[in-house]
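**Student:** for reference, the sequence and a predicted model appear below.
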Amino acid sequence: MTPPLWLGQTWLAPKYLGALFSGLLLTAWLAFLVCLLATLLGVVLTAMTESRYLGLRSAARFFISVHRNTPLMVQVLLWYFGVPNLLPEEAMLWLNTPHTLALPLGLEPAWPSYEFLSAWISLSLYSASFIAGELASGLRAVSHGQREAARALGLRPWQELRHVILPQALAYVRQPLIGQYTGAIKNTSLTMAIGVAELSYRSRQVESETLLTFQAFAVATALYLLLILASQWFGHSQKPIWGASR
């Protein structure tokens with residue numbers, strides 16, 4: 001008895017599995033850079049929202065509102081298609097020309113493509129608006145008595161923040177932050193729309209070349225799942241920053 005056609009086409013060829021793995025590595029690298037920049041921007045936005053100056057508070061709230069309340073895909077497309085219209089032609093020509101960076105030990109990594117830079121910036125700004133909210137919630141969760149106790153001990157404002165407030169705030173928001181970082185990994189899939197060769201882009205390429213739709217997207221789904229579970233395990237396994245604990 002002849003088996004159904006799909007049973008004879010179960011496995012993807014090694015070169016296609018390699019292409020998907022290459023997309024996974026780019027996804028992981030992009031997500032890492034997004035989480036790093038978004039966290040730094042989130043700290044700045046949190047400081048602005050907690051500032052005594054109305055102008056800084058208003059600017060931070062406007063930034064957060066714009067990025068939270070508009071579709072992420074629109075933001076990605078705006079940075080890729082819209083921002084170039086504001087840049088000089090020479091700048092865009094330089095960005096779209098391959099370059100290498102001269103580093104010690106003879107290393108010459110390639111300069112990121114404009115597609116990658118657009119994806120990195122747009123995803124980072126979007127994630128930062130949510131991370132800022134999580135950090136602000138953590139700061140507000142620390143009781144006022146903790147601040148008063150720190151002042152009674154003679155701690156300076158920066159010492160109060162470093163040794164008393166921030167460790168407790170980070171303990172409160174550790175789980176939400178891991179959730180935001182997980183979301184950043186999934187959001188990288190939207191960058192296939194601007195040609196970033198991450199995992200979703202690669203899976204679409206493999207599907208187009210092999211016509212093995214289920215296999216291509218099933219492998220991509222499994223790789224996304226492994227990446228997200230690994231990141232969650234890593235986040236939960238790390239000791240709280242500065243000894244913070246709940």
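**Tutor:** Right, received. Where do you want to start?
**Student:** report the contact partners of the spatially most central residue of the chain.
**Tutor:** Geometric centre of the chain, nearest residue: residue 34, 3.1 Å, by C-alpha atoms, centre = their mean. Counting by C-beta atoms under 8 Å, 6 or more residues apart in numbering, residue 34 makes contact with 120, 123, 124, 127, 184, 187, 188. In short, each C-beta sits where N, CA and C put it, glycine included.
**Student:** okay, now residue 151: neighbour count?
**Tutor:** Neighbours of residue 151 under the rule other C-beta atoms under 10 Å: 13.
**Student:** circling back to that earlier point, is the residue nearest to the centre of the chain in a helix, a strand, or coil?
**Tutor:** The three-state label given to residue 34 by DSSP: H, G, I helix; E, B strand; the rest coil is helix.
**Student:** thinking residue 122 is in contact with residue 78, fair?
**Tutor:** Yes - Residue 122 lies in contact with residue 78 (C-beta atoms under 8 Å); the separation is 7.4 Å.
**Student:** comparing these two, which residue is more hemmed in?
**Tutor:** Shown here are residue 122 and residue 78; by other C-beta under 10 Å, residue 122 has more neighbours (26 against 13).
**Student:** surely the more buried one forms part of a helix?
**Tutor:** Yes - under three-state DSSP, residue 122 falls within a helix.
**Student:** do you know how far residue 157 is from residue 184?
**Tutor:** Distance of residue 157 to residue 184, computed by C-beta to C-beta, to the nearest Å: 32 Å.
**Student:** the two: which is more packed in?
**Tutor:** Neighbour count, other C-beta under 10 Å: between residue 157 and residue 184, residue 184 has more, with 24 against 11.
**Student:** pretty sure the more buried one is in a helix, no?
**Tutor:** Yes - counting by three-state DSSP, one finds residue 184 located in a helix.
**Student:** check contacts around it.
**Tutor:** Applying C-beta under 8 Å, 6+ apart to residue 184 gives the contacts 31, 34, 35, 38, 123, 127.
**Student:** one more pass at 6 Å, please.
**Tutor:** Residue 184 makes contact with 31, 34, 35, 127 under the criterion C-beta atoms under 6 Å, 6 or more residues apart in numbering.
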